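Peer 1: quick one: sequence and predicted model below, then my questions.
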There are 2 protein chains.
Amino acid sequence: MMKISQLAAHSGLSAHTLRFYEKSGLIEASQRTGSGYRRYSEEDIRRVEFVKTARDAGFSLDEIAQLLSIRLDRDQHTCEDVTSITRHKLEAVNEKIAQLTEIRESLELLLESCDGGLDSAVHCSIIEALEAGAAKTTHPNEDQATKEATL
Amino acid sequence: MMKISQLAAHSGLSAHTLRFYEKSGLIEASQRTGSGYRRYSEEDIRRVEFVKTARDAGFSLDEIAQLLSIRLDRDQHTCEDVTSITRHKLEAVNEKIAQLTEIRESLELLLESCDGGLDSAVHCSIIEALEAGAAKTTHPNEDQATKEATL
DNA sequence: ATAAACCTTAGAGTTATATCAAAGGTCAAG
DNA sequence: CTTGACCTTTGATATAACTCTAAGGTTTAT
Ligand SMILES: [Zn+2]
Ligand SMILES: [Zn+2]
Ligand SMILES: [Zn+2]
Ligand SMILES: [Zn+2]
């Protein structure tokens, strides 16, 4: 039976976070000492580890709650239930990556246009591009650049 | 001289958001009518467009504030000031993408292990992997899998 | 003149995931 | 017994970028 700070050290989650997860309904300490200290059983610890692993895998606390309810009652759920959560998460992650990749393109494009030198920014092409509303466009003349590169 | 709702329609930012940006110090309406309505000048509008473009390019409001102060006082700043902000942003975006890519790997790995069928989740390999603390590892035996694939 | 549409402000609420503070009770070592 | 480490709870704070509400004043069109 671990105390909260032992479980914190063991699990890599802070005692604060463990209490927060408890308040969120994800975990619990199945026993308390007479004075109210949390005591975590082996099963409690396994559950905390499950939560930690799922969090590291990228699931939100909400999604972890769903996974936990499946875990607690496996024969009332199907593998489809599990993959559904996982697939939706994967889709969301892919969408986020796609957005960030567009942003990366914008930023690279801006950086390509400015030498970053120590002269005054009076004619800085990045500032100018942002004024021209041109940051979101795809690489200008990427075809032409390719042509030029192959010349 | 535009009113706020006209500028909202023109800029693609809501009137709420325009007021919020004003409170945040990013923009302003250089005039008000006698009754207090905001009136945006051409210069005000250009500034709003700058903010919108920078936001679309992925800059945070804090970063936009920095860019705006450079824009307002260009000859006191260098291109290096501008690229510094942009490079740091790009680094942060790349880091975020890397994190999400790891998460994507985890999720794909989990999905590869489970058929997602309609049978009971009693032996679901995703749940088992999360219990085994195995979600963060790289593809198991990716080398071996490659070997097998080439067999 | 009246109704619809538009504007104002201050301030609260949202989302997700913690993280900390205050005020106090408990436990182990010396 | 005292000191210091550890534990408890409730509730506040933080982040980013909005989003909305309440309560009321203004403009415009018919
Ligand atoms: Zn490029
Ligand atoms: Zn420049
Ligand atoms: Zn894979
Ligand atoms: Zn399964």
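Peer 2: Received, thanks. Ligands and ions are numbered 1, 2, ... in the order given.
Peer 1: lowest average confidence, helix or strand, in chain A?
Peer 2: Within chain A, no helix or strand scores below helix A:142-150, which has a mean of 60 by mean pLDDT, DSSP states H and E.
Peer 1: doesn't B:C79 make contact with A:G117?
Peer 2: Yes: here A:G117 reaches B:C79: they are 5.1 Å apart, a contact under CB atoms under 8 Å. To be clear about C-beta, it is placed using only N, CA and C from the backbone, and glycine gets the same treatment.
Peer 1: and the two? which has more neighbours close in?
Peer 2: B:C79 (23 against 12; other CB atoms under 10 Å in any protein chain shown).
Peer 1: check contacts around the residue lying closest to A:R47 once chain neighbours are set aside.
Peer 2: Using CB to CB, 6 or more residues apart in numbering or on different chains and skipping residues adjacent in sequence, the residue nearest A:R47 is A:I27, 5.5 Å away. With contact taken as CB atoms under 8 Å, 6 or more residues apart in numbering or on different chains, A:I27 is in contact with A:18, A:21, A:44, A:47-48, A:51.
Peer 1: what does chain A have sitting close to DNA strand C?
Peer 2: A:14, A:16-17, A:20, A:33-37, A:55, A:60-62 (CB under 7 Å from any atom of the strand).
Peer 1: state the distance from the residue in chain A that ligand 4 sits nearest to to A:Y40.
Peer 2: Ranked by CB to the ion, the top residue of chain A for proximity to ligand 4 is A:C79, at 3.1 Å. From A:C79 across to A:Y40, the span is 30 Å (CB to CB, to the nearest Å).
Peer 1: burial check on the closest residue to A:I103 other than its chain neighbours, number of neighbours?
Peer 2: Spatially, and ignoring its direct neighbours in sequence, A:I103 is nearest to B:G58 (3.4 Å; CB to CB, 6+ apart). By other CB under 10 Å, 23 other residues sit near B:G58.
Peer 1: where's stretch A:41-48 relative to the chain centroid, distance-wise?
Peer 2: In terms of CA atoms, centre = their mean, to the nearest Å, the centre of stretch A:41-48 is found 24 Å from the chain centre.
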